[in-house]
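A.B. asks: this one's sequence-less:
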């Protein structure tokens, strides 16, 4: 029987406690009156409970550990309930089975938890495969078919992320556009392999301009007059825009509208600011726009070059935007547009607006003269939408640019970035297959046109004998005794990577001491935007850096770096590019960089080596250059050594391939493609919104 030997009044209290160890009986004073067998080890554990019961508490039970064993203790007072207890009865039970039950329960729980986790993981893997991996694999297969030209269907509908689906559409449009352009180019190449010349461009212009004039609009003027010894002297500014467009207008004729910034510009122009250029052989008209010092400071130095320039170049310079600069920018853009409209009157014309200084001009022109053919060529990179969002007047700039019939950039990547920016910031309808944007009923086409140069022989430089004499003069003047000459030609600008270039030269000489006295870098640096403190500081930094490297390595008759700060004329630049066996371009970010192509064009012997930054647009075409990351000084220094030690056969093979690219895709082809594409664009004015 379960309660055999247990007092009846305890039977219901101990029901369920099957493992009875024994009883102990205590007197009212707490002394032990009687105890079961072998309870000596357990009775001390009952003392706290016993004391509470004898003090008047009702029956108590608890668990305790004694002799490394878990026991259950039950204490009940003895005597009438209304009187102080006359003693107490204590029952002891073995309770180890409770731990066993608990552990068994925990093991069962752990088992089911693990089983549930495995089931959840399996479900998650299945859902991931079904919702993401399966459609993404379908997307990959579709992209492969698209890349191989095996399909033109739309991307799969089950793509899980909206942004990924949108980017897939954009990528497909880009690939189709590139493939279409490649096919067009192949067809044109198959029809004629004739190199583009001035005469060919002139013929093309007659067909595409429709009898109207060609008008180029830019901030930089192609010919500047400055006072020297009290007399006006003509200077050709260091500018990629000038390098590219002056030969175009010399071939086609027309008008160039630009800011007259030289201190002798007014006295060399007529009352309307016009003069025929080039001065020695006039081919077209230069129309100068006059700006006040305040306008020039706000529009050019302020908004354009402290705001837009660093915004578009990934060169770690913080853009600065001021409301006063923006107001000057708007006013000056209106002034340029008015100058163009006054020249055109009510007639037909094709207008090529140049660069970031005049982003509002296309819309201003089209609003007043819808029938004008207006193109805008952006000579610097176009950033991603997140970067461009920094500009407080981003929508106004985009609407101004979209007033053009044709928007040109150097690279397809810049076209993609521009349309992405429009897609996110302006309520325009985009056609990714045709790479165009429709705003207020006006369609702007967006196309890549990699800009280039003309041959040096067409620029009136010195003939062979005079060139050799000029090279000897320059070597003697600047004490260029080293047999290995590297050349750099840049405006002094923080995007050009000049400090990185100087550091690489220092590292090259440090790790290759055998070339000390045998290698010199001649760096031609044209002062630029000296009204901006960042540019003045950069020039001082470069001069100090060159002095420090020269101090470390120079000898009595040799210096490793010759830093020549001045505005150098075309003949001097050509002479240095011709004598240099190496040209170094280390741009941190560049739309194209025409110096790379000018060096190739100057290499008559086809044995020079071009070291070219991978961050310059020219790197996409000139793959036979030694491509470098200008931030990686060690790699840069190794590239200089590779250029110095490259064998003559490899040098000639590389240069021959690059020369063919520059010769065939010269500035006349660039202008011809631009004018032809613009002539096909419909002319409709955007509705102001």
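C.D. replies: All right, it came through fine. Just so it is clear, the structure is predicted and the values come from calculations on it, not from any experiment.

A.B. asks: Who are the contact partners of residue 278?
C.D. replies: With contacts defined as C-beta atoms under 8 Å, 6 or more residues apart in numbering, residue 278 is in contact with 223, 246, 250. Glycine gets a C-beta too; all of them are placed from N, C-alpha and C.

A.B. asks: I'd like the distance between residue 107 and residue 101.
C.D. replies: 11 Å (C-beta to C-beta, to the nearest Å).

A.B. asks: whoops, I mixed them up, residue 414
C.D. replies: Applying C-beta to C-beta to residue 414 and residue 101 gives a distance of 74 Å.

A.B. asks: more neighbours, those two?
C.D. replies: The neighbour comparison of residue 414 against residue 101 (other C-beta atoms under 10 Å) goes to residue 414, with 22 against 10.

A.B. asks: residue contacts, that one?
C.D. replies: Going by C-beta under 8 Å, 6+ apart, residue 414 touches 378, 381-382, 448, 591.

A.B. asks: Now do the buried residues in the strand or helix carrying it.
C.D. replies: Secondary structure from DSSP states H and E places residue 414 in helix 412-425. Residues 412-423, 425 are the ones in helix 412-425 that count as buried (16 or more other C-beta atoms under 10 Å).

A.B. asks: Can I get those in TSV including pLDDT and distance to residue 544?
C.D. replies: Listed next are the buried residues of helix 412-425 as TSV, based on pLDDT from 0 to 100; distance: C-beta to C-beta, whole Å:
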residue	pLDDT	distance to residue 544
412	95	40
413	94	36
414	96	35
415	96	40
416	95	40
417	95	36
418	97	39
419	96	44
420	95	41
421	96	39
422	96	44
423	95	46
425	95	42
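
A.B. asks: which one among those residues gets closest to residue 236?
C.D. replies: Nearest to residue 236 among the buried residues of helix 412-425 is residue 414, at 27.0 Å by C-beta to C-beta.

A.B. asks: about what we covered before: would you mind identifying the next helix or strand past the helix holding residue 414?
C.D. replies: Proceeding N to C from helix 412-425, the next assigned helix or strand is strand 429-431, under DSSP H and E.

A.B. asks: Which strands or helices does that following strand pack on?
C.D. replies: Here strand 429-431 touches helix 412-425, strand 436-439, going by 3 or more C-beta pairs under 8 Å, 6 or more residues apart in numbering; DSSP states H and E.

A.B. asks: Note down every partner strand of it and its orientation.
C.D. replies: Sheet pairing for strand 429-431, assigned by DSSP bridges, gives strand 436-439 (antiparallel).

A.B. asks: How about the partner strand, which residues are buried there?
C.D. replies: Going by 16+ other C-beta under 10 Å, strand 436-439 has these buried residues: 436-437, 439.

A.B. asks: can you give me the mean pLDDT across it?
C.D. replies: Average pLDDT, strand 436-439: 96.

A.B. asks: Not counting its own residues, what contacts that strand?
C.D. replies: Residues contacting strand 436-439 (C-beta under 8 Å, 6+ apart): 399, 402, 419, 422, 426-431, 443-446, 686, 689.

A.B. asks: This protein - how does it break down into domains?
C.D. replies: Per automatic domain parsing, the domain ranges recorded for the chain read 8-94, 117-193, 200-290+334-452+672-679, 462-664.

A.B. asks: Tell me the spacing between residue 537 and residue 499.
C.D. replies: Distance from residue 537 to residue 499, counting by C-beta to C-beta: 11 Å.

A.B. asks: Kindly report the same for residue 110.
C.D. replies: Residue 110 sits 63 Å away from residue 499 when distances are taken as C-beta to C-beta.

A.B. asks: If you count surrounding residues, which of these two has more?
C.D. replies: Ranked by neighbour count (other C-beta under 10 Å), residue 110 and residue 499 place residue 499 first, with 16 against 10.

A.B. asks: for this protein, which spans come out with low pLDDT?
C.D. replies: 1-18, 67, 82, 97-99, 102, 131-132, 139-140, 142-194, 683-689 (pLDDT under 70).

A.B. asks: Do I have it right that residue 267 meets residue 232?
C.D. replies: Yes. In this structure, residue 267 is within contact of residue 232 by C-beta atoms under 8 Å, at 6.5 Å.

A.B. asks: Of the two, which one has the most company?
C.D. replies: Using other C-beta under 10 Å as the criterion, residue 267 and residue 232 rank with residue 232 on top: 15 against 10.

A.B. asks: quick revisit: what separates the helix holding residue 414 from the chain centre, distance-wise?
C.D. replies: Put simply, helix 412-425 sits 13 Å off its chain's centre (C-alpha atoms, centre = their mean, to the nearest Å).

A.B. asks: just stretch 200-213 next, same as before
C.D. replies: Centroid separation between stretch 200-213 and its chain, computed with C-alpha atoms, centre = their mean, is 38 Å.

A.B. asks: outside of that stretch, which residues touch it?
C.D. replies: Residues from elsewhere that reach stretch 200-213 (C-beta under 8 Å, 6+ apart): 194, 214, 248, 251-255, 343-344, 347-350, 373, 668, 671-672, 675-676, 678-679.

A.B. asks: Sitting in helices, which of the residues you listed do you find?
C.D. replies: The helices, defined by DSSP state H, take in 248, 251-252, 343-344, 668, 671-672, 675-676, 678-679 from the contacts of stretch 200-213.

A.B. asks: Strands of the stretch 101-250 of the chain, residue ranges please.
C.D. replies: With strands called from DSSP state E, counting those that start in this stretch, the stretch 101-250 of the chain shows them at 214-217, 224-228, 231-235.

A.B. asks: Repeat that for the stretch 301-450 of the chain.
C.D. replies: Taking DSSP E, counting those that start in this stretch to define them, one finds strands in the stretch 301-450 of the chain at 350-354, 373-377, 406-409, 429-431, 436-439, 442-448.

A.B. asks: of these, which approaches residue 123 most closely?
C.D. replies: Among the strands of the stretch 301-450 of the chain, the nearest to residue 123 by C-beta to C-beta is strand 429-431 (40.1 Å).

A.B. asks: Flag every buried residue along that closest one.
C.D. replies: By neighbour count on 16+ other C-beta under 10 Å, the buried set for strand 429-431 is residue 430.

A.B. asks: do stretch 355-373 as well
C.D. replies: 355-366, 369, 372-373.

A.B. asks: Closest one of those residues to residue 386?
C.D. replies: residue 356 (18.5 Å).

A.B. asks: show me the contacts for the closest one.
C.D. replies: Counting by C-beta under 8 Å, 6+ apart, residue 356 touches 304, 308-309, 312, 378-380.

A.B. asks: Show the buried residues in those residues.
C.D. replies: Applying 16+ other C-beta under 10 Å to these, the neighbour count classes 304, 308-309, 312, 378-380 as buried.

A.B. asks: Before I go, just wanted to say thanks for your time.
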